[in-house]
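In: Need a 3D model of the sequence below.
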Amino acid sequence: MSAALKLPSNPEVAVIGGTGLESLFDDITRIRVGTPYGLPPPISVRDVHGSPVAFLPRHGYEHQYPPHRVNYRANIYALHKIGVQRIVATNAVGAVNADFRPGDFVVPHDLVDFTEPYCPEIRKILIEAASKTTTDVWGKAVYACTEGPRFETAAEIRMFKRLGCDIVGMTEVPEAPLARELGMCYATLCFVSNMAAGIDGRISHREVTETTRLLRPKIHNTLMEALPYLPRTRLCRCGTPTEKSGDVPVC
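Out: Below you'll find the predicted structure:
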């Protein structure tokens with residue numbers, strides 16, 4: 001199946017919506033894209049300031065796939081297949097760093113494996129765009145990724161804090177590494193939905209959902225501010241796949 005032939009124009013930029021942001025963009029065109037790894041959720045395409053932007057809900061439009069059941073390989077490969085070169089993701093995270101508070105935006109620069117998975121060009125634009133939307137923006141942070149779907153224990157959070165992590169979530173790995181394997185730029189706009197276990201009271205799914213609902217307009221406005229400023233020519237080093245394995249992710 002050649003999904004690219006069904007698109008009005010091939011989007012070079014995609015947004016991946018996280019928890020609570022499954023319908024962040026209004027659907028204009030919705031397509032199914034087959035991959036060697038199965039079918040991802042349908043990809044919708046809309047015009048953003050004159051350019052087509054693809055949207056893929058990480059967990060499905062009904063949030064039917066918890067973190068440990070997300071088909072990351074199919075999601076990323078489908079975006080690659082339709083011509084996407086840059087991915088802007090969104091993630092709800094817990095704050096490990098006690099200076100971070102619920103409602104803050106965070107643009108992480110690293111993961112706990114201390115690689116450099118995030119595109120510096122997209123990060124810079126996200127930080128600038130978020131700063132126009134809110135004053136509560138952190139431009140550097142280390143993201144600790146757990147498998148989920150359960151929340152982390154207080155002991156695990158203490159361990160992450162000793163390792164130098166600032167935020168914790170369940171979906172950046174293997175999503176970010178898979179994008180880099182295919183030579184796609186990748187960065188994420190995280191938002192703190194709760195303080196991590198043992199930092200400030202108990203965690204509840206209701207708290208995460210409510211914070212996401214309140215922040216949704218700011219997240220949408222930040223993305224609308226950032227997307228038009230992505231340069232058409234990539235000057236970063238993300239365009240070279242990290243594995244010599246053709247165009248198929250090896251993870």
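In: Please tell me how far residue 96 sits from residue 175.
Out: Remark: distance between residue 96 and residue 175 (Cβ to Cβ, to the nearest Å) = 20 Å. Heads up, the C-betas are built off the backbone N, CA and C, glycines and all.
In: the more surrounded of the two?
Out: Here residue 96 and residue 175 are set side by side on neighbour count (other Cβ atoms under 10 Å), and the busier one is residue 96, at 28 against 23.
In: Does that one touch residue 196 like I think?
Out: Yes: using Cβ atoms under 8 Å, residue 96 and residue 196 qualify as a contacting pair, with a distance of 5.0 Å.
In: Tell me the residues that contact both of these two, please.
Out: Common neighbours of residue 96 and residue 196 (criterion: Cβ atoms under 8 Å, 6 or more residues apart in numbering): 157, 160, 168.
In: Let me know the closest of those residues to residue 125.
Out: Each of the shared contacts of residue 96 and residue 196 was scored against residue 125 by Cβ to Cβ, and residue 168 proved nearest at 24.7 Å.
In: number of nearby residues for the closest one?
Out: Counted with other Cβ under 10 Å, the burial measure for residue 168 works out to 25 neighbours.
In: same thing with the one 5 residues further on?
Out: Residue 173 has 20 neighbouring residues, counting by other Cβ under 10 Å.
In: Am I right that it is in contact with residue 147?
Out: No: using Cβ under 8 Å, residue 173 and residue 147 do not qualify as a contacting pair, with a distance of 9.0 Å.
In: so who does the nearest residue to residue 77 once chain neighbours are set aside touch?
Out: In space, not counting the residues next to it along the chain, residue 77 is nearest to residue 35; the distance is 4.3 Å by Cβ to Cβ, 6 or more residues apart in numbering. Contacts of residue 35 were listed using Cβ under 8 Å, 6+ apart, and they are 73-74, 77-78, 81.
In: do you know how far residue 35 is from residue 73?
Out: In this structure, residue 35 and residue 73 are 7 Å apart, going by Cβ to Cβ.
In: what residue ranges in the stretch 51-200 of the chain are flagged as low confidence?
Out: Low-confidence regions of the stretch 51-200 of the chain, defined by pLDDT under 70, span residues 113-115.
In: mind checking the longest helix of this structure?
Out: When every helix of the chain is counted residue by residue (DSSP state H), the longest turns out to be helix 205-226.
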